[in-house]
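K.L.:
dropping a prediction and its sequence here:
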Amino acid sequence: MTTPKRLASAEDIRMLVQDAVNARPELRQHNEALMVHEPFWHEDDQTGCNWSISGYMGLSKYADDFRIALQDVRSSYNLGT
């Protein structure tokens, strides 16, 4: 049985992803920070998540770190109304 996802506002989700990606060792080691775009709502996808984020402002070499942080937050939160 899967754990129900918590509901959060768009701003809360943006901050959760941003905090998660900026806490990644690669970014901390180089004293870098990314600015995450605001999430947008969509119908539940195949993972049961109802939001996505189109990207971030920052160096492209951190795309994998962004994807990992994004997946972690998407697995636990849905966008509330």
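P.N.:
Cool, the structure landed.
K.L.:
after the lowest-mean-pLDDT helix or strand in the chain, which helix or strand is next?
P.N.:
Lowest by mean pLDDT, DSSP states H and E among the helices and strands of the chain is helix 25-29, with a mean of 94. Using DSSP states H and E, the helix or strand that follows helix 25-29 in sequence is strand 35-36.
K.L.:
after that following strand, next one along is what?
P.N.:
Counting by DSSP H and E, what follows strand 35-36 is strand 40-41.
K.L.:
quick check: mean pLDDT across that next one?
P.N.:
The average pLDDT within strand 40-41 is 97.
K.L.:
please renumber the chain so that the first residue is 71 from this point on.
P.N.:
Right, with 71 as the first residue, what we last looked at is strand 110-111.
K.L.:
list of residues touching that strand?
P.N.:
Outside of strand 110-111, the residues within contact range by C-beta atoms under 8 Å, 6 or more residues apart in numbering are Ala80, Asn120, Trp121, Ser122, Ile123, Ser124, Leu149. C-betas here are computed from N, CA, C, even on glycine.
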